[in-house]
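Trainee: build me a model from this:
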Amino acid sequence: MSLISRVAAIGLFLALLPVSPALAAPTSAVAEPHVQPVTLTPGGPEKNTLIWVRTRNVEPGTRARVEVTVDLGGATGFADVRVGPGFLSTKPTSAKLDGLVVDEPDTATACLRTGEKILCSWTATLSAATSFEYPALLSVVPKKTAKIGDTAGVTMSAKLGEGAASTGTTVFRVGEGVDLAAGADRVLRAAPGRPIKFTPAVRNAGATTIDGAVLILPADPRLLGPSSYRNCRYDFGLICTFDNALQPGLRYALAKPITLRAPADAVPGSAVRMVDQWMTKAEWAETEQTEYGTPGTGAPLTLDVVVPSLDDKPQVDVLPENNYTATTFTVTGKRRPALAAAGVRRTAAIGGSFVLSPGLANFGPGTLRPDMFPNNRLGVTVLLPANVTVHSEPENCFPGEDDVRYCLLGREVGAGQRATFPFQVTVADNCGDSGRIEFADRLPDQDGVVAKGRENAQLSVNVPGATCAATVLPITGPGAGGVALIGVLLVALGLALALVHRRSVGRLCGGRPCPVGNRFHGKWTRKA
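Mentor: Numbers count the residues shown, from 1 in each chain. Model (predicted):
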């Protein structure tokens, strides 16, 4: 799947938010329409692209009607174009919206295609001065009659409320098919603070010379060794453009290796999986991310030099599935930090409201860094006392069955520090079973963290004068349900935030693969 295909597919993970009554947008507000270019190849794979709108100069919280039109400009002559659901800040229901019949929310799209025209119309609640809306995903498939050189100019317009319309253009075209193939997956291990090197490689697996290539390596900048190649751009990882002509059947590797180094206080067993991708220059240009990051200033990073290609036809990878190589980097060592669940005991009268903040304490040595190493994002299970009512909970906690919350460690926790999960509660009854907080005593799939018998603690709220026989509930199962729930939520949440704020694949989930599969230690059930 190409970079833009991966970005576009994000919309399919997300639920849509409720529709609000439309209000007129301020006259200074602007809605800018965008459809990224698409290059197909005869007999090649489907390409996906989003219709998206950037709104500017909007008062946060404004509700307004957004209208977008897209004219495919003859693209249906060489491609089949299907309109599918994107995701919006609104939630269409089974009703007519300005003449458009919208299906149930799980398959809904606010857009309708008739011939070469696509019309989108929906109500948006705009949360910031600059917001992004994604009403539809376009799936573009080359027809059997498509030939190299087929081109269609795609035009679009958008307006917000009664404001003036903005316009834009893009292109759908058919180019030459090629096949970039990345190397094999690799596993790297190094002690905290020790460097380790690896060399991304690519092969021209097709029969046509490839005119240049782009390497996308998403990695936390704190892990990457220092470099400043002028043909690379730096932000959440690096993206390097190579002008070499890659000859059929030959393999090419970076002239200098990439260096990884974990912080000196990284917890043993910390692991991160980085996926580097190779693309043609034409496909990279289509992502609208050519200005990504900050360019380096030193000598260029090179591949093996070959005779440049004189072919100026746009090139498209016919087998994008083999463009990726995964690098798993694991920190070694034996200095495991001692962790402990931090319980809470409070006394309050019925009707009293306060914040109940169970937590996780790190006694060291080492620092947990969930933003750098996804498996440091420890899963914590919280069962609140039965005699309280919850009014709000942390954004990194998700509801489970029987009043259980599954939380994720979301920030760095060094030696001597504690992470807390604040719940706003009100005392609702004199008595009730006590709650608990618990976490797994190992990093997921690793042997790097030990709790030393302190992986659970009690949560209780006592009412003065009440005589109760509170029960601390036992663990009754492996908590597999919590694992599945949190894995799905992480993927959806991470991808949603990434697409809204960082539109390139190199920036997904903060430039790293989204964390999934965190384990939860146990599951509680309330007594009948």
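
Trainee: could you give the number of residues near E291?
Mentor: Neighbours of E291 under the rule other CB atoms under 10 Å: 8. From N, CA and C alone the C-beta is placed, and that goes for glycine too.

Trainee: wasn't it part of a strand?
Mentor: No: applying DSSP: H, G, I helix; E, B strand; the rest coil, one finds E291 to be coil, outside a strand.

Trainee: sec struct for I437, please.
Mentor: Quick answer, by three-state DSSP: I437 is strand.

Trainee: what residues of the host helix or strand of E283 count as buried?
Mentor: E283 is part of helix 281-286 when elements are defined by DSSP states H and E. Neighbour counts using 16 or more other CB atoms under 10 Å place K281, A282, E283, W284, A285, E286 of helix 281-286 among the buried residues.

Trainee: repeat that for stretch 117-132.
Mentor: Across stretch 117-132, burial judged by 16+ other CB under 10 Å covers I118, L119, C120, S121, W122, T123, A124, T125, L126, S131, F132.

Trainee: lowest-confidence one in those?
Mentor: Across the buried residues of stretch 117-132, the member with the lowest pLDDT is L126, scoring 76.

Trainee: count the residues that sit near the closest residue to P370 other than its chain neighbours.
Mentor: Using CB to CB, 6 or more residues apart in numbering and skipping residues adjacent in sequence, the residue nearest P370 is R377, 3.8 Å away. Using other CB under 10 Å, R377 has 21 neighbouring residues.

Trainee: ok, now the one 3 residues further on?
Mentor: When counting by other CB under 10 Å, one arrives at 25 neighbours for V380.

Trainee: go on, T145?
Mentor: T145 has 9 nearby residues by other CB under 10 Å.

Trainee: list the contacts of C240.
Mentor: Neighbouring residues of C240 by CB atoms under 8 Å, 6 or more residues apart in numbering: V214, L215, L217, Y229, N231, C232, R233, L301.

Trainee: partner residues bridging it?
Mentor: Taking DSSP bridges as the rule, C240 bridges to L215, C232.

Trainee: for it, give its distance to P200.
Mentor: With the distance defined as CB to CB, to the nearest Å, C240 ends up 9 Å from P200.

Trainee: ok, which stretches of the protein are helices?
Mentor: For the chain, applying DSSP state H gives helices covering 3-9, 281-286, 480-501, 508-511.

Trainee: hey, least reliable of these by pLDDT?
Mentor: Here the lowest mean pLDDT among those goes to helix 508-511, at a mean of 31.

Trainee: how near is A326 to F373?
Mentor: Note on A326: its distance to F373, by CB to CB, is 15 Å.

Trainee: neighbour count: those two, which is higher?
Mentor: Each of A326 and F373 has its neighbours counted (other CB under 10 Å); F373 has more, 28 against 14.

Trainee: which residues are in contact with that one?
Mentor: For F373, the contacting residues are A266, V267, S270, A271, V272, V331, by CB under 8 Å, 6+ apart.

Trainee: among these, which two are most distant?
Mentor: Largest separation among the contacts of F373 by CB to CB: V267 and V272, giving 12.2 Å.

Trainee: helices or strands up against the helix holding E283?
Mentor: Judged by 3 or more CB pairs under 8 Å, 6 or more residues apart in numbering; DSSP states H and E, helix 281-286 is in contact with helix 3-9, strand 38-40, strand 210-217, strand 237-246, strand 315-317.

Trainee: now with 6 Å?
Mentor: Packing partners of helix 281-286 (3 or more CB pairs under 6 Å, 6 or more residues apart in numbering; DSSP states H and E): strand 210-217.

Trainee: mind giving me the packing neighbours of the strand it packs on?
Mentor: strand 237-246, strand 271-279, helix 281-286.
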